[in-house]
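In: mind looking at a prediction? Sequence and model below.
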Amino acid sequence: MSLNHGKQSAVDFAERVRGNQRKLRDGLTSKYDFIVCGSGSSGSVVARRLAEDPNVSVLLLEAGGSDEVPSVIEAARWFENLGSERDWNFVDQPNPHLKGRSMPLGMGKVLGGGSSINVMGWARGHKNDWDFFASESGETAWNYESVLNIYRRVEDWQGAPDPTRRGTGGLVFVQSAPDPNPIAPAMVDAARSIGMPTFDSNNGRMMEGGGGASIIDMNVRDGKRLSVFRSYVFPYMDRPNLTVLTHALVTRLTLEGKRATGVEIAFDGKIQRITAGLEVVLSLGAMHTPKVLMLSGIGDQAELKRLGIPVVQHLPGVGQNFQDHSAFGCVWEYQQPLAPRNNGAEATFFWKSNSGLDTPDLQTCQIEVPVCSAETGAKFNPPPASWTMYGSVVRPKSRGQIRLTGPNPDDSIQIESNTLSHPDDLKAAVACVELCREIGNSAALRPFTKREVMPGNLRGAALEDFIRDEASTYHHQTCTAKMGRDSMSVVDGQLKVYGIENLRIADGSIMPRVPTGNAMASCIIIGERAAETLRNEHMLETSSMSRSAKV
């Protein structure tokens, strides 16, 4: 097929999608078999997999708008989305552990959710993360061996063949950053020079052991973002059984007793009710999933009663166990300015702050522009021609919570992230900044460096002070409706909400702990697992063969 013919086919398909979705929106009905709330990295997967059965109707709801904007499509422009209309623009409560600062906590409000505004890094989580999920849930389907099978099935890996760990031909295009900025391989060399092993990929073998450094895997092709929505949902949007509704805010679940019957949405200027014939799936993320549960009477009974919300199901874990990866920028001025390539963050390392740990607890991404908090930016004033070692504590012990401030959907939520509230996290952050400085100031990176801008050679209380001023988020907010078997668990190993029929959660909120690395790939696994259990339970087809024909 010629290049021009391929482009024309893509244009024709996009026009067909527009026409079909216009027709489906105009003919919006009051009942669908499945309602999937949220089109992010898990919700898009669930919607696509359910819609593969042509006999079921699927409604995918998204509070944000279209992803057809240059800042989403063009990989290098991802930072333009932060603070825009495609960002929920959440803000943390003033945190005494960050000297009273309130941290911005961006999350995607657009088709594709976080996968449409993130930095497109593909990090599959450590082997120990998945084995921990399995032990918490009591389900072997969550262990590393099982999850590896899913990754092999969904990946379209462009690198060196590794059939035991990597897959080809799947929906998720993954490649090591092509033709990276020369500073990225220099960072990998710098990590090697201080004794860190280096790998061809930050996934596979590297995430089964003690860590290492590599050029990063990413979901980018020809400079264009490949969001989960574009990879999974868009190719099915010309079909009559998948309706994608934007600017539709889920406000509450509708319930009959302890059975979810559908959702209330704010859409087209009014509140509408839509019924789910089979199940509702919440994929609204770590902020809005607990918010919708609590507004619907599912949560801690004391909290609900305080706000006058009738209690449907007492689940004290809703909104608790909030976790995130905090980040700390160490910045150097370029010797000669270099333009960012690909996603502008092409090299990474995972390492341990303490050799006795079972899993790396630190991650750093090298970012080819200056990145820092408002507070440290004002103090150190990094030049525009600078680059960053953006360190992170990826196994935090600090725990936060999400609370309602009122009984109505337009009442804001109160986010208490409690970043750095656990003293071990501060110790790990200190180790991370020291490691970033050791690598950043090493001989391999000297040709790229005029001077270290921040933090400089700080020690003790001065370094801790810098970290409290500099801490920000890696945008991996998770764990507020955790999977497990204890009294604080919200869903079981099949992702069913305890005590409520026909309701599942599939998003980062179900994680018992935040995974080692960027969260998007793990959220795809959550979506695939949810879809698998739904398909099995409702005997759905994945081919054109109808269920009745099979029977």
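Out: That came through, no problem.
In: so Asp162, which of the three states?
Out: Of the three states, Asp162 takes coil according to DSSP: H, G, I helix; E, B strand; the rest coil.
In: try Phe229
Out: helix.
In: where's Gln272, which helix or strand?
Out: For Gln272, the host element (DSSP states H and E) is strand 270-282.
In: who are the packing partners of that strand?
Out: strand 31-37, strand 249-256, strand 259-267, helix 285-295, strand 503-505, helix 520-537 (3 or more Cβ pairs under 8 Å, 6 or more residues apart in numbering; DSSP states H and E). C-beta coordinates here come from the backbone N, C-alpha and C atoms, glycine included.
In: could you dump those to TSV with distance to Thr473 and mean pLDDT?
Out: Written out in TSV, the entries for the helices and strands packed on strand 270-282 read as follows (distance: least, Cβ to Cβ, whole Å; pLDDT from 0 to 100):
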stretch	distance to Thr473	mean pLDDT
strand 31-37	23	98
strand 249-256	23	98
strand 259-267	27	98
helix 285-295	11	98
strand 503-505	22	99
helix 520-537	15	98
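In: residue contacts, Gly329?
Out: Each residue near Gly329 by Cβ atoms under 8 Å, 6 or more residues apart in numbering is listed here: 367, 370-373, 376, 388-391, 454, 470, 472.
In: quick check: next helix or strand after the host helix or strand of it?
Out: Under the criterion of DSSP H and E, Gly329 resides in strand 326-334. As assigned by DSSP H and E, the chain's next helix or strand after strand 326-334 is strand 347-351.
In: tell me the strands beside that next one, with direction?
Out: strand 212-215 (antiparallel), strand 362-367 (antiparallel) (DSSP bridges).
In: list the contacts of the nearest residue to Ser39 once chain neighbours are set aside.
Out: Distances taken as Cβ to Cβ, 6 or more residues apart in numbering put Glu62 closest to Ser39, at 4.2 Å, once the chain neighbours are dropped. Glu62 makes contact with Gly38, Ser39, Val110, Leu111, Gly113, Val244, Leu245, Thr246, His247, Ala248, according to Cβ under 8 Å, 6+ apart.
In: now, which of the residues you listed lie within strands?
Out: Val244, Leu245 (DSSP state E).
In: model confidence over stretch 371-385, on average?
Out: Throughout stretch 371-385, pLDDT has a mean value of 97.
In: name the residues that touch that stretch?
Out: 101, 329, 331, 333-334, 337, 369-370, 388, 390, 453-455, 466, 469-472.
In: residue contacts, the closest residue to Arg230 other than its chain neighbours?
Out: Spatial nearest neighbour of Arg230, excluding adjacent residues (Cβ to Cβ, 6+ apart): Gly112 at 6.7 Å. Gly112 makes contact with Ser39, Gly40, Ser41, Ser44, Asp67, Val72, Ser227, Val228, Phe229, Arg230 under the criterion Cβ under 8 Å, 6+ apart.
In: domain assignment for the chain?
Out: Split into domains by automatic domain parsing, the chain comes to 10-75+105-174+227-321+478-551, 76-104+175-226+322-473.
In: turn those domains into JSON lines, including distance to Asn4.
Out: Listed next are these as JSON lines, based on distance: least, Cβ to Cβ, whole Å:
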{"stretch": "domain 10-75+105-174+227-321+478-551", "distance to Asn4": "11"}
{"stretch": "domain 76-104+175-226+322-473", "distance to Asn4": "16"}
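In: picking that back up, buried among the contacts of Glu62? Need that as a selection in ChimeraX.
Out: Of the contacts of Glu62, the buried ones can be selected in ChimeraX as follows, counting by 16 or more other Cβ atoms under 10 Å:
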select :38,39,110,111,113,244,245,246,248
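In: model confidence for Asn55, exactly?
Out: As predicted, Asn55 sits at a pLDDT of 97.
In: so it sits right up against Glu541, yeah?
Out: Yes: here Asn55 reaches Glu541: they are 6.9 Å apart, a contact under Cβ atoms under 8 Å.
In: the more surrounded of those two?
Out: Comparing Asn55 with Glu541 by other Cβ atoms under 10 Å, the one with more neighbours is Glu541, at 17 against 14.
In: that one in helix, strand or coil?
Out: coil.
In: how many residues are close by the residue nearest to it when sequence neighbours are not counted?
Out: Spatial nearest neighbour of Glu541, excluding adjacent residues (Cβ to Cβ, 6+ apart): Asp53 at 4.4 Å. Using other Cβ under 10 Å, Asp53 is surrounded by 23 other residues.
In: ok so, going back, filter the contacts of Gly329 down to the buried ones.
Out: Using 16+ other Cβ under 10 Å as the burial test, the contacts of Gly329 include 367, 370-373, 376, 388-391, 454, 470, 472 as buried.
In: who are the neighbours in contact with the residue nearest to Glu155 when sequence neighbours are not counted?
Out: Excluding the flanking residues, the one nearest Glu155 by Cβ to Cβ, 6+ apart is Gly167, at 4.0 Å. By Cβ under 8 Å, 6+ apart, Gly167 lies in contact with Tyr151, Arg152, Arg153, Val154, Glu155, Asp156, Trp157.
In: quick one, what contacts Ser66?
Out: Val110, Leu111, Thr246.
In: the same query, at a cut-off of 7 Å, please.
Out: The contact partners of Ser66, taken as Cβ atoms under 7 Å, 6 or more residues apart in numbering, are Leu111, Thr246.
In: give me the phi and psi angles of it.
Out: Dihedral pair for Ser66: phi -70, psi 150, per degrees, to the nearest 10.
In: thinking again about what came up before, for Ala286, see how far away the residue nearest to Ser39 is.
Out: As judged by Cβ to Cβ, to the nearest Å, Glu62 and Ala286 stand 17 Å apart.
In: likewise Asp300?
Out: Note on Asp300: its distance to Ala286, by Cβ to Cβ, is 17 Å.
In: between these two, tell me which one has more neighbours.
Out: For Asp300 and Ala286, the more surrounded residue by other Cβ under 10 Å is Ala286, and the numbers stand at 31 against 20.
In: tell me if I'm right that that one and Thr480 touch.
Out: Yes: with contacts defined as Cβ atoms under 7 Å, Ala286 counts as touching Thr480 at a distance of 4.7 Å.
In: can you check which residues contact both of the two?
Out: Phe322, Ser509.
In: any idea how far the closest residue in space to Leu245 that isn't next to it in sequence lies from Met207?
Out: Closest residue to Leu245 apart from its sequence neighbours, by Cβ to Cβ, 6+ apart: Leu61 at 5.4 Å. Distance of Leu61 to Met207, computed by Cβ to Cβ: 33 Å.
In: same deal with Cys523?
Out: Taking Cβ to Cβ, one finds Cys523 at 16 Å from Met207.
In: re earlier: include distance to Lys127 when you put the helices and strands packed on strand 270-282 into CSV, please.
Out: Below are those laid out as CSV (distance: least, Cβ to Cβ, whole Å):
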stretch, distance to Lys127
strand 31-37, 30
strand 249-256, 35
strand 259-267, 35
helix 285-295, 24
strand 503-505, 24
helix 520-537, 13
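In: Ile194 is nearest to which of these?
Out: Proximity to Ile194, assessed across those by Cβ to Cβ, is greatest for helix 520-537 (27.5 Å).
In: so what pLDDT did the spatially closest residue to Arg152 that is not a sequence neighbour get?
Out: Spatially, and ignoring its direct neighbours in sequence, Arg152 is nearest to Gly167 (3.5 Å; Cβ to Cβ, 6+ apart). Gly167 carries a pLDDT score of 97 in this model.
In: which SS state does Gly167 fall under?
Out: Following three-state DSSP, the label given to Gly167 is coil.
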